[in-house]
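Participant: give me coordinates for this.
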Amino acid sequence: SLEVMTLNPTCESVETAEGVPLTVTGVAQVKVMTEPELLSTACEQFLGKSVSHIESVILQTLEGHLRAILGTLTVEAVYKDRDQFAQLVREVASPDVGRMGIEILSFTIKDVYDRVEYLSSLGRAQTAAVKRDADIGVAEAERDAGIREAECEKARMDVRYDADTLIADHDRMFKLKKSEYETEVQTKK
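Facilitator: Numbering: from 1, shown residues only. From the prediction side, this is the model:
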């Protein structure tokens with residue numbers, strides 16, 4: 001059939017470079033190439049075969065490449081950059097299916113999960129790190145605010161002390177001058 005075929009490659013519990021078993025599902029759109037030379041290759045490979053057989057052969061090829069690439073990557077690389085992972089699978093699988101006269105129109109990663117809770121642990125660790133950083137940020141902000149408040153209070157107290165000292169000095173000078181004037185006035189009487 002020259003129609004587009006939709007395949008769902010699945011690799012269950014394939015160990016990553018770190019030894020973490022992941023299950024990855026993808027969606028691939030493939031079709032027989034219509035260029036005369038490539039169409040004849042597809043005919044040689046699949047003439048007289050059922051569509052389900054053709055799909056099975058292509059699916060096994062895609063799953064093999066998916067499994068091989070998955071084994072070379074870290075969990076984080078697979079999970080965080082699914083597009084790059086899918087692009088890598090597409091690039092590696094295209095020559096093989098191309099030799100069968102098949103073209104990969106698109107390949108995307110639909111789902112990545114594990115049964116050992118590695119991904120959810122990553123999520124919990126990331127959430128805990130974000131919360132910890134937020135708590136540290138709040139504590140630092142409160143500390144800085146407390147320090148600034150204490151500095152302002154000290155500056156206020158210094159100004160108050162200077163003002164009180166100046167008032168007391170002027171009051172003392174006033175009383176001294178007043179006393180001198182009173183003494184002078186008393187002396188002249």
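Participant: who touches the spatially closest residue to Pro21 that is not a sequence neighbour in this structure?
Facilitator: Counting by Cβ to Cβ, 6 or more residues apart in numbering, Ser13 is the residue found nearest to Pro21 once chain neighbours are left out, at 4.1 Å. Every C-beta, even on glycine, is put in place using the N, C-alpha and C of the backbone. By Cβ atoms under 8 Å, 6 or more residues apart in numbering, Ser13 lies in contact with 21-23, 115.
Participant: distance check, Ala155 against Leu166.
Facilitator: Going from Ala155 to Leu166 by Cβ to Cβ, to the nearest Å gives 16 Å.
Participant: what strand or helix carries the residue nearest to Pro21?
Facilitator: strand 10-15 (DSSP states H and E).
Participant: next: Cys152.
Facilitator: Going by DSSP H and E, Cys152 is in helix 118-188.
Participant: what's the offset of that helix from the middle of its chain?
Facilitator: 42 Å (Cα atoms, centre = their mean, to the nearest Å).
Participant: for that helix, packing partners?
Facilitator: helix 75-80 (3 or more Cβ pairs under 8 Å, 6 or more residues apart in numbering; DSSP states H and E).
Participant: so for the helix it packs on, what's the average pLDDT?
Facilitator: On average, the pLDDT along helix 75-80 is 79.
Participant: cool, and stretch 90-102?
Facilitator: 87.
Participant: which intervals of this protein have sub-threshold pLDDT?
Facilitator: Applying pLDDT under 70 to the chain flags residues 1, 116-129.
Participant: wait, Leu66 touches Pro9, no?
Facilitator: Yes: with contact defined as Cβ atoms under 8 Å, Leu66 counts as touching Pro9 (5.4 Å).
Participant: grab the most central residue of the protein for me.
Facilitator: In the chain, the centroid-proximal residue (Cα atoms, centre = their mean) is Lys80; its distance is 7.3 Å.
Participant: spit out the contact partners of the residue nearest to Lys31 when sequence neighbours are not counted.
Facilitator: Leaving aside its chain neighbours, Lys31 sits nearest to Val4 (4.7 Å; criterion: Cβ to Cβ, 6+ apart). Residues in contact with Val4, defined by Cβ under 8 Å, 6+ apart, are 29-31, 105.
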